[in-house]
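S.K.: below: sequence and its predicted model.
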Amino acid sequence: MIQFLLNQTVKTLDDVDPNTTVLNWLRGSERRCGTKEGCASGDCGACTVVLGSSDGGKMRYDTANSCITLIGQLDGKQLLTVEDLADNGTLHPVQQAMADCHASQCGFCTPGFVMSTFALQKTQATVSRHDIEQHLGGNLCRCTGYRPIIEAVERACNMSEDRFTPLEEQTARRLEAMSSPDTAILMKSSRCLLPKSLDRLAEIYLQNPEARLLAGGTDLALTITQQYKTMPLIIGISQIKELQEITVTADEIRIGSAATLQVCQQALAGHIPAFSLLLERFASRQIRNHGTLGGNLANASPIGDCAPVLLALDAVLELRGGAETRRLPLGQFFLGYRQTALAAGEFISHILIPRVTLSPNFKVWKVSKRMDDDISTVLGAFNLHLNEGVVMSASVAFGGMAAVPARAKHCEQALIGQPFNQQTLAAASQALAEDFQPLSDFRGSGRYRLAVAQNLLRRLMLQSSEAQMPLEVQNYVN
């Protein structure tokens, strides 16, 4: 049984298939058809809803793609859809701004834009153009109506109070009162278990190693929506507090595997700025609100954005299996395409980044066809320590260049002990051809990928020699 608030109405579900998406439940069981299905993969934003949760007694509102959010992920949350915003026939300020600015054309995408704007309005007191672009990055307007939409968002975000504001403290208390030790959805054909502690998770998973672990589900849910499969047993982990914590000490940064990418992006901004900037370009705000760092690694994709960064930082994984915990360098975690060193019933509990390995010149560059909401063709992470112009140590890692994210060992050896100049750069670039023989696919040919990787090395040199020049795409010209 799971329990949540649909706006202010308590919903208790114990007879729903845990493979059901929130979108299908809304449209099928609740007849709330304002939330649309466009892509069934979390790319277009037409299905955007807002999930409210209690955060220290206050409400936090996060957007979510309901097409890839499973019903069990609503446990202990508040679900808001576009139907909830108007008040007795009076439009919500966000809806009114969309109408006043003529920001709706065919209207299919409008509910998603409205919900993304609602979340932005509730989250931030002051809003910049960059904030708007970040929040709308996962919403697609096929009518190319972005100018009036952005005008509507700017207008709506000047109106911070709405009918939800007076209810926030009460709603937070109601959500906290729903907390229970463990919950589950049990059916004849499928089950979803929702343990609330790390020890309980370890116990359950060791007993059921065939289960699929569900954190944010931003990739796992595609098994249902794109491959039309069902999962007999799901174990949800997003409600386990120990796996969401981020601790920073003088020696290391310790990140719980269920910490969302959005939380990581904010927490790392002052410690690893290059990683934080990369996460701004990771998919969309809806995805980052729910996708997790541990999930991105356990997915073992050769083009996952986080793995090369963490490889270059010599990150270590803390793995839990039953009562046993072990540590494994991330470099030993990826065994082959979509294959990892995880044993049956074992999972990633924490990611450890030793701070001593971080260079002040640490750089990360993602090359993709679009700036936002796109998958990497090549991603390079460069962690070089220099002393009087000589490379004392080098950790260089790439994604998209092989079947697994990997360090460029020959390239590193060509750099270490050498002056950081054009001659060394040429040798290191040539060494990349020994490290990787990338395959060709629809994102780029093998030759293109190798050329891009070599050009990123040249960019590293340019960044070092022309530090005052605005070389990044984010360095907008006013």
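M.R.: Good, I have the coordinates. Numbers count the residues shown, from 1 in each chain.
S.K.: isn't I351 up against L293?
M.R.: Yes - using Cβ atoms under 8 Å, I351 is in contact with L293, at 5.9 Å. C-beta: built from backbone N, CA, C; applies to glycine.
S.K.: what sits in contact with each of the two?
M.R.: Counting by Cβ atoms under 8 Å, 6 or more residues apart in numbering, the residues touching both I351 and L293 are 255, 257.
S.K.: number of residues surrounding P419?
M.R.: Counted by other Cβ atoms under 10 Å, the residues lying close to P419 total 12.
S.K.: residues contacting it?
M.R.: Contact analysis of P419 by Cβ under 8 Å, 6+ apart lists 389-391.
S.K.: take these and write them to TSV, including pLDDT.
M.R.: Shown next, in TSV, are these (pLDDT from 0 to 100):
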residue	pLDDT
G389	93
V390	96
V391	97
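S.K.: scan those residues and report the most crowded one.
M.R.: V391 (19 neighbours).
S.K.: quick check: beta-bridge partners of that one?
M.R.: L386 (DSSP bridges).
S.K.: thought it was touching Q413?
M.R.: No - applying Cβ under 8 Å, one finds V391 not in contact with Q413, separated by 10.5 Å.
S.K.: tell me the domain boundaries of the protein?
M.R.: As given by automatic domain parsing, the domain ranges for the chain are 2-83+166-236, 93-156, 241-357, 376-465.
S.K.: turn those domains into a markdown table, including distance to V364.
M.R.: Formatted as a markdown table, these follow (distance: least, Cβ to Cβ, whole Å):
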| stretch | distance to V364 |
| --- | --- |
| domain 2-83+166-236 | 21 |
| domain 93-156 | 18 |
| domain 241-357 | 4 |
| domain 376-465 | 5 |
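S.K.: which one of the ones you listed lies nearest to W365?
M.R.: Proximity to W365, assessed across the domains of the chain by Cβ to Cβ, is greatest for domain 376-465 (5.4 Å).
S.K.: first vs last residue of the closest one, how far apart are they?
M.R.: From its first residue to its last, domain 376-465 covers 26 Å (Cα to Cα, to the nearest Å).
S.K.: from D15, how far off is E324?
M.R.: Taking Cβ to Cβ, to the nearest Å as the measure, E324 falls 37 Å from D15.
S.K.: same check on K229?
M.R.: Counting by Cβ to Cβ, the gap from K229 to D15 is 22 Å.
S.K.: ok, and for the helix ranked longest in the chain, which residues are buried?
M.R.: As assigned by DSSP state H, the longest helix anywhere in the chain is helix 446-465. Buried residues in helix 446-465, counted by 16 or more other Cβ atoms under 10 Å: 449-450, 452-457, 459-461, 463.
S.K.: pLDDT below threshold where in the stretch 101-250 of the chain?
M.R.: 160 (pLDDT under 70).
S.K.: could I get the full set of strands for it?
M.R.: Secondary structure of the stretch 101-250 of the chain (DSSP state E, counting those that start in this stretch): strands at 182-186, 191-195, 212-214, 233-236, 246-248.
S.K.: closest to Q105 out of those?
M.R.: Across those, closest to Q105 is strand 212-214 (Cβ to Cβ), at 36.4 Å.
S.K.: elements contacting the closest one?
M.R.: In this structure, strand 212-214 packs against strand 233-236, with contacts taken as 3 or more Cβ pairs under 8 Å, 6 or more residues apart in numbering; DSSP states H and E.
S.K.: can you point out the buried residues in the strand it packs on?
M.R.: 234-236.
S.K.: now stretch 144-164
M.R.: Across stretch 144-164, burial judged by 16+ other Cβ under 10 Å covers 145, 148-157, 162, 164.
S.K.: now the longest helix of the chain, how far from the centre of its chain.
M.R.: How far helix 446-465 lies from its chain's middle: 26 Å, per Cα atoms, centre = their mean, to the nearest Å.
S.K.: residues near the closest residue to L243 other than its chain neighbours, how many?
M.R.: For L243, ignoring the flanking residues on the chain, the nearest one in space by Cβ to Cβ, 6 or more residues apart in numbering is A258 at 3.7 Å. Using other Cβ under 10 Å, A258 has 28 other residues around it.
S.K.: quick check, A258 in a strand?
M.R.: No - A258 is assigned coil when assessed by DSSP: H, G, I helix; E, B strand; the rest coil, not a strand.
S.K.: pretty sure it contacts E245?
M.R.: No - applying Cβ under 8 Å, one finds A258 not in contact with E245, separated by 9.3 Å.
S.K.: how far does stretch 94-110 sit from the chain's center?
M.R.: 28 Å.
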